[in-house]
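**Student:** Need coordinates for the below:
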Amino acid sequence: MLMPPFRLQVMPHPQTPLQAALWACAGSLGLVFAYSCSYNLLLFAPALYLLQIYDRVLSSRSADTLLMLTLIVALSVAVGGVLDALRRAVLGRLGAWLEDRLRPEVLSVPRLGMINVHASLLPHWRGAAPVQHAILAGESQTGISIMQMEQGLDSGPVLHRVATPIGPDETAGALAGRLAELGAAALVDALSLVVAGLARPELQDGAGATFAPKIDRDSARLDWRRDAAALARQVRAFDPAPGAWTTLDEGPLKLFGAAAAGERGEPGSVLAADDRLLVACGDGALAVREVQPAGRTRLPVSEWVRGRGVAVGARLA
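**Tutor:** Numbering: from 1, shown residues only. Coordinates of the predicted model:
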């Protein structure tokens with residue numbers, strides 16, 4: 001494909017406030033469009049032609065011409081977003097199709113097979129979110145499993161396991177950090193066994209398998225009819241992301257640093273709002289130390305209350 005010649009044109013000094021504003025708008029949109037084109041091959045050639053037009057128009061003193069350029073670039077950015085979403089959807093489906101058909105062939109390529117580090121004691125919590133589900137279930141320990149990969153979901157023989165306790169107040173973020181370090185050391189140990197010919201793969205008992213599906217927004221929503229202990233685990237399981245949430249005055253509110261308490265009241269009602277937010281549950285109450293209102297950063301409850309974020313008697317839903 002023939003590409004247009006391109007030269008850099010120094011922008012002339014704007015003659016009016018309107019020209020200055022249009023130049024600034026066109027320049028900003030041009031940068032956004034160039035970024036979009038940098039990873040979208042479908043727009044690469046059109047981008048070069050647009051840049052040539054852009055180069056010529058910047059030397060013009062016509063406000064009408066600059067306005068036209070601004071509209072063209074804005075439309076191009078919108079089209080680029082649509083094409084990129086389409087590209088992602090097509091590649092996602094293509095990747096899943098290839099995985100289903102090529103995975104057995106790919107797995108058989110390495111002489112000693114492929115090895116995976118999984119953050120649970122398999123066959124417990126097979127799937128995408130083992131750390132969160134272990135906390136949700138109230139388990140007292142989890143660990144690392146070094147397994148040989150096969151076509152099933154985390155169902156391959158286990159080469160090495162290392163267990164670790166789950167702290168009573170440990171969040172998913174803290175536990176995942178510990179497991180990452182534990183997994184690195186366990187992988188080195190497992191590889192040493194494999195290289196020495198001492199590895200003894202242990203088949204998993206499929207009948208005892210539990211599953212940890214991917215976390216979505218709905219699974220992180222708090223139901224105040226549940227007991228306080230279960231809700232405290234839910235808050236810890238989704239800390240720091242996606243964040244256990246509820247609603248206050250129809251706006252989302254994320255909660256962090258929660259513990260079960262003995263107070264009682266109508267589920268969802270705020271019983272206290274000082275250095276902690278105390279919310280009645282189906283059984284007991286949930287004491288929360290940090291919150292994240294919509295559009296704001298995570299902050300202590302005391303700071304939120306001083307800003308009149310909530311008061312006793314309010315209802316969370």
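
**Student:** Can you tell me the SS state at residue 232?
**Tutor:** Here residue 232 is helix, with the state taken from DSSP: H, G, I helix; E, B strand; the rest coil.

**Student:** so it makes contact with residue 256?
**Tutor:** No: the criterion here is C-beta atoms under 8 Å, and residue 232 misses it with residue 256 at 11.1 Å. Where you see a C-beta, it was placed from the backbone N, CA and C, and this is true even at glycine.

**Student:** Which one's more surrounded, those two?
**Tutor:** Taking neighbours as other C-beta atoms under 10 Å, residue 232 and residue 256 compare with residue 232 leading, 26 against 21.

**Student:** how far away is the more buried one from residue 309?
**Tutor:** Distance from residue 232 to residue 309, counting by C-beta to C-beta, to the nearest Å: 21 Å.

**Student:** And residue 287, by the same measure?
**Tutor:** 16 Å.

**Student:** So those two - more neighbours on which side?
**Tutor:** residue 287 (22 against 18).

**Student:** That one: what's it in contact with?
**Tutor:** Applying C-beta atoms under 8 Å, 6 or more residues apart in numbering to residue 287 gives the contacts 258-261, 276-278.

**Student:** List the neighbouring strands of the host helix or strand of it plus their orientation.
**Tutor:** Element membership of residue 287, judged by DSSP states H and E, is strand 285-293. Applying DSSP bridges, strand 285-293 is found paired with strand 251-261 (antiparallel), strand 277-280 (antiparallel), strand 299-300 (antiparallel).

**Student:** Redo those as TSV? Include mean pLDDT and distance to residue 130.
**Tutor:** Listed next are the strands paired with strand 285-293 as TSV, based on pLDDT from 0 to 100; distance: least, C-beta to C-beta, whole Å:
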stretch	mean pLDDT	distance to residue 130
strand 251-261	96	21
strand 277-280	97	29
strand 299-300	96	30
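
**Student:** Make a markdown table out of the ones you listed and add distance to residue 129.
**Tutor:** Shown next, in a markdown table, are these (distance: least, C-beta to C-beta, whole Å):
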| stretch | distance to residue 129 |
| --- | --- |
| strand 251-261 | 18 |
| strand 277-280 | 25 |
| strand 299-300 | 27 |
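
**Student:** how about the helices in this protein?
**Tutor:** 17-38, 44-57, 63-107, 130-136, 172-196, 228-237, 301-306 (DSSP state H).

**Student:** can you list the weak-confidence ranges in the stretch 1-150 of the chain?
**Tutor:** 1-85, 87-103 (pLDDT under 70).

**Student:** cutoff 80 now
**Tutor:** 1-109 (pLDDT under 80).

**Student:** Which one of the contacts of residue 287 sits in the busiest neighbourhood?
**Tutor:** Ranked by neighbour count (other C-beta under 10 Å), those have residue 277 at the top, with 28 neighbours.

**Student:** For that residue, which non-adjacent residue is closest in space?
**Tutor:** In space, residue 277 comes closest to residue 288 once its chain neighbours are excluded; the distance is 4.2 Å by C-beta to C-beta, 6 or more residues apart in numbering.

**Student:** how close does residue 125 sit to residue 209?
**Tutor:** Taken as C-beta to C-beta, the span from residue 125 to residue 209 is 9 Å.
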